[in-house]
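Enquirer: Here you go, sequence then predicted model.
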Amino acid sequence: MKIRIKFTKTGTMKFIGHLDIMRYFQKAFRRAEIDIEYSKGFNPHQIMSFAAPLGVGLTSQGEYLDVSLLSCDEPKIMVEKIKGAMNENIQVTGFHFLSDNSKNAMSIVTAADYKVALKDGYAFLSKVEFEEKFRAFYQQKEITILKKSKKSENQVDIKPSIYHIGFELDEFSDKIGQRRENTVDISETYENDVKIYMQLATGSVNNLKPELVIEAFCEYAGLTFHEFAFQVHRMEVYAEKNSGKKPTEAFDIERKLIPLEAMD
Amino acid sequence: MRKLALSDEILLTIDKPARYIGDEVNMVKKDLDKVDIRFCMCFPDVYEIGMSHLGIQILYDMFNRREDTYCERVYSPWVDLDKIMREKEIPLFALESQEPVKNFDFLGITLQYEMCYTNILQVLELSQIPLYAKDRTEEHPFVLGGGPCSYNPEPIADFFDFFYIGEGETVYDQLLDVYKENKRLGGSRKDYLEKIAQIEGIYVPSFYEVSYHEDGKISSFKKNNNHAKDTICKQVEMNLSDTFYPKKPLVPYIKVTQDRVVLEIQRGCIRGCRFCQAGMIYRPIRERDVEFLKSYACDMLKATGHEEISLSSLSSSDYSALSELIYYLIEEFNGKGVNISLPSLRIDAFALDVMSKVQDVKKSSLTFAPEAGSQRLRDVINKGLSEESILKGAMDAFRAGWNRVKLYFMLGLPTENEEDIEGIAVLADKIAREYYTITKDQRNGKVSIVASTSFFVPKPFTPFQWSRMDTAEEYLVKQKFLRSKLNDQLNRKSIKYNWHEAELSVLEGVFARGDRRISKVIYDAYKAGCLFDSWSEFFHNELWMKAFEDNHLDIAFYTSREREVDEILPWDYIDVGVTKAFLWREYKRGISEKVTPNCRRACANCGADVFNGGVCYESREGAAL
Ligand code: SF4
């Protein structure tokens, strides 16, 4: 049976890269004696798939992974079982059954919510200045950045990939039309209180990293961008409700995003 | 949240930050206010290597069972972080508490190979602990060493407060108890050293003085402190089934060299290869009870979630309950996503059966370590592996579907001549010829043979401790000669040749049999930039050569010189059980090509029976080969 697991990645675990997180889960599932399905052959491996790998340095409360189990208990019991084998900085928060024909998490991701917070100790704008300037920045018709790939450099407009922004959780929740709970990540301990919530296009088709938005903002505001000055925290990952279709621009206008855990 | 010693900025700039954050699964957490003794255990190489070492995991578990002690870990910062730590003067920290090592009571360094010596100085310097023991004060931790290289600690003696000679399980508790007692009584650093110098197995270098003859040989080795012992007796744990072994080893986040459960099935070896230090210093062989091993295998796999379990021993085939253990492991775990890996097995029908059950025959290769190319030279080194048994083992395996063979040899063994070297090429070719005797439709494509040679380095406490070692130039000539001989073979296209760097081996040879004067060379080379010498990309031979020159020390004196029987060797004050008389007897037997039977066939009176146990007291009636 197919299962979707939701988990957090906080604290020191932000320094563990995606591949190592995969290995971590494989071992944790063994420790928890989860009846997971293995591929056949001499080097059997657990059948699992992660949604949208998180970069090193980022924290999250909305990570997903799909696994295939041969047998299992009720979700509540399973969450407890897995928790017992986990590090306190990676916690399982959801366990959902998927229908057999559901697509794997990786292929359906289209958007994500982020909170980006200024770490203490960096010279930057005050909370008020930041919000004011950022609003002006966001009101531009186009936000073009230079996107570098291995082969070429391209001017791209990232504005259509920024779905929503907000400076307070309530404001942001209203905009995205879904209630977001307050988070327990490290950024809540910063004294400066400079932060922004963003909903951005994510996934294989169109992917905008929150760091890029901040970099573009710094350029706009005439500030030097410091790559380590912000803590990025992912809050949720979404799929399109009607996930059979490839998102088109027209479709984007009427985005119907639902958190991965709400799918079946 | 745990506060890390390094900032986000640093951790996100360097390679593999997970090396420095700790917090691995099964990491021990303790309340610092509730412990009296803080011990930092160090493996002086990068995290991935250090985390793979079983000994540290055993000691980590053992120390942390003491409520009054918190044992933490530290490894060598990789060169990228090394640079940053120096620039920003960040003191080296332990992974668990992330606190500076310099605030600990002990820094214990395990000495697994000679080429890590400059890394020891790196760890000390980054920790802001004086490099030389004589410069340390009451505020500094005690720096101690243990592990195989402590069987000749002289080249690094000046950097250590004391060494622990023997297996870690035995007297560590005493060391810690005495420490607490000494602290309670307000005793000084020196008081402590004097007290522990009386414990068996503890060597405090500063309590001894060495003088030299004009020709550079040692004229005397005397103690200058009454508390010190005349000889240091190696400590061994005789009952391996009733001792410490970690049921919950640490599980790293990043991939390390031994990313698996390691089950030590026995210690020591019955074989008596004359070049092998481990085979001598860990005598006598002691087995762990098979039921103990079965239950530990289950517990450790459960507690770690590892997907592989590996049996560890010098020669696994000699473990008496091997088939029972392996078939049990296969039955319990194979097919449940757990690989079983079996290094150091002799290739026979049993091994082939097991290998075909646990490995993909097409991908795995057979491994033979004949060490020498001719039977004559194999007799000199007492390697009981005949050409016949290699060819038969290979043939049986070829018939069962294998077609890849790895062969390990040494160049530069005592009495080696051109025929012996050519023998390596001939043996590799013979194996290939065997393969092609199988009819085409029965075999599995082409055969692939990889022959690797390393250079022989004479080690203390082996029969070859008196031998001359080749110079780098001689080694290279031999390597070239072998290459040309391999090219002469009929099946040369099926044979690949791998070799080691000669210069590194020569240096290893100096450290292995060096005396106290070498300390200064290591110090100078380190200061000149030598670090991670065992990583060939960082090895700077010219800096080492200059350090020897500056100190007026001649490499050839340490390496390419035959020693006399009555010469005082730098490590003579250590008693490992195996006697010098036995080693000399073996040396002479080796030179005259006489084989000495293994412990189970006949006791050779090596002296290790003083430990009152193990194979020395097994009955030899009807014993297997
Ligand atoms: S005393 Fe005899 S049996 Fe014991 S280790 Fe030495 S040679 Fe082997």
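Expert: Good, I have the coordinates.
Enquirer: Share the number of residues neighbouring the closest residue to chain B within the stretch 1-150 of chain A, please.
Expert: Closest approach between the stretch 1-150 of chain A and chain B, counting by C-beta to the nearest C-beta: A:Lys27, at 3.2 Å. In short, each C-beta sits where N, CA and C put it, glycine included. As a burial measure, A:Lys27 scores 20 neighbours (other C-beta atoms under 10 Å in any protein chain shown).
Enquirer: How about B:Ile109?
Expert: The local packing of B:Ile109 (other C-beta under 10 Å) involves 27 other residues.
Enquirer: can you list the residues that contact the helix or strand hosting it?
Expert: Per DSSP states H and E, B:Ile109 falls inside strand B:106-110. By C-beta atoms under 8 Å, 6 or more residues apart in numbering or on different chains, the surrounding residues in contact with strand B:106-110 are B:37-44, B:53, B:55-56, B:59, B:74, B:101, B:120, B:123-124, B:127, B:129, B:141-147, B:160, B:179.
Enquirer: Same question for stretch A:86-106.
Expert: With C-beta under 8 Å, 6+ apart, stretch A:86-106 has contacts from A:1-13, A:21, A:24, A:28, A:49-52, A:61, A:64-66, A:75-76, A:78-79, A:82-83, A:204, A:243, A:260-261, A:263-264, B:23, B:25.
Enquirer: Also stretch B:562-575?
Expert: B:151-152, B:154, B:165, B:203, B:208, B:210, B:217-221, B:230-234, B:460-461, B:465-468, B:513-516, B:580, B:584.
Enquirer: again, but for stretch B:342-354
Expert: B:310-317, B:322-323, B:326-327, B:330, B:355, B:358, B:366-368, B:393-394, B:396-397, B:400.
Enquirer: Tell me which of those residues fall in helices.
Expert: Here DSSP state H is the test, and those give B:322-323, B:326-327, B:330, B:355, B:358, B:393-394, B:396-397 as lying in helices.
Enquirer: Considering only the contacts of stretch B:342-354, which also neighbour the ligand?
Expert: Residues of the contacts of stretch B:342-354 in contact with the ligand (C-beta under 6 Å from any ligand atom): none.
Enquirer: OK, contacts around residue 153?
Expert: With no chain named, the answer covers chain A. For A:Glu153, the contact set (C-beta under 8 Å, 6+ apart) comprises A:146-147.
Enquirer: wait, chain B
Expert: Neighbours of B:Pro153 in contact, by C-beta under 8 Å, 6+ apart: B:111, B:145, B:160, B:163, B:203, B:205.
Enquirer: what's the closest of the residues you listed to B:Tyr253?
Expert: B:Leu111 (26.7 Å; C-beta to C-beta).
Enquirer: residue contacts, the residue lying closest to that closest one once chain neighbours are set aside?
Expert: Leaving aside its sequence neighbours, B:Leu111 sits nearest to B:Cys149 (C-beta to C-beta, 6 or more residues apart in numbering or on different chains; 3.5 Å). Listed by C-beta under 8 Å, 6+ apart, the contact partners of B:Cys149 are B:111-114, B:156, B:511.
Enquirer: pLDDT, distance to the ligand and neighbour count for the residues you listed - can I get that in TSV?
Expert: Converted to TSV, those look like this (pLDDT from 0 to 100; distance: C-beta to the nearest ligand atom, whole Å; neighbours: other C-beta atoms under 10 Å in any protein chain shown):
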residue	pLDDT	distance to the ligand	neighbour count
B:Leu111	96	24	22
B:Gln112	96	23	19
B:Tyr113	96	25	17
B:Glu114	95	26	25
B:Ile156	98	29	27
B:Phe511	98	27	23
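Enquirer: Among these, which ones are in helices?
Expert: B:Phe511.
Enquirer: residue ranges with poor pLDDT in chain A?
Expert: A:242-254 (pLDDT under 70).
Enquirer: where exactly do the strands run in it?
Expert: A:2-9, A:48-50, A:59-68, A:92-98, A:109-118, A:144-148, A:153-157, A:162-166, A:195-201, A:230-240, A:257-259 (DSSP state E).
Enquirer: Run me through the strand neighbours of the first one, direction for each.
Expert: Going back to what we said before, that points to strand A:2-9. Strand A:2-9 has the following strand partners under DSSP bridges: strand A:59-68 (antiparallel), strand A:92-98 (antiparallel).
Enquirer: For the shortest one, buried residues please.
Expert: In other words, strand A:92-98. A:92, A:94-96, A:98 (16 or more other C-beta atoms under 10 Å in any protein chain shown).
Enquirer: Get me the contact residues on chain B for chain A.
Expert: B:1-2, B:4, B:8-9, B:11-12, B:17-18, B:21-23, B:25, B:251, B:253-255, B:301-307, B:335-337, B:339, B:359-360, B:363 (C-beta under 8 Å from any C-beta of the partner chain).
Enquirer: now those: which count as buried?
Expert: B:4, B:8-9, B:11-12, B:17-18, B:21-23, B:25, B:251, B:253-254, B:301-307, B:337, B:339, B:359.
Enquirer: Quick one: neighbours of the residue of the stretch 51-200 of chain A found nearest the ligand, just the number.
Expert: The ligand sits closest to A:Ala85 of the stretch 51-200 of chain A, with a gap of 43.5 Å, by C-beta to the nearest ligand atom. Neighbours of A:Ala85 under the rule other C-beta under 10 Å: 20.
Enquirer: ok, now which ones touch it?
Expert: Counted by C-beta under 8 Å, 6+ apart, A:Ala85 has contacts A:28-29, A:31-32, B:305.
Enquirer: Which pair of those residues spans the longest distance?
Expert: Top of the distance list for the contacts of A:Ala85 (C-beta to C-beta): A:Ala32 and B:Gly305, 8.2 Å.
Enquirer: Are any of the contacts of stretch A:86-106 buried, and if so which?
Expert: A:2-13, A:21, A:24, A:28, A:49-52, A:61, A:64-66, A:78-79, A:82-83, A:243, A:260-261, A:263, B:23, B:25.
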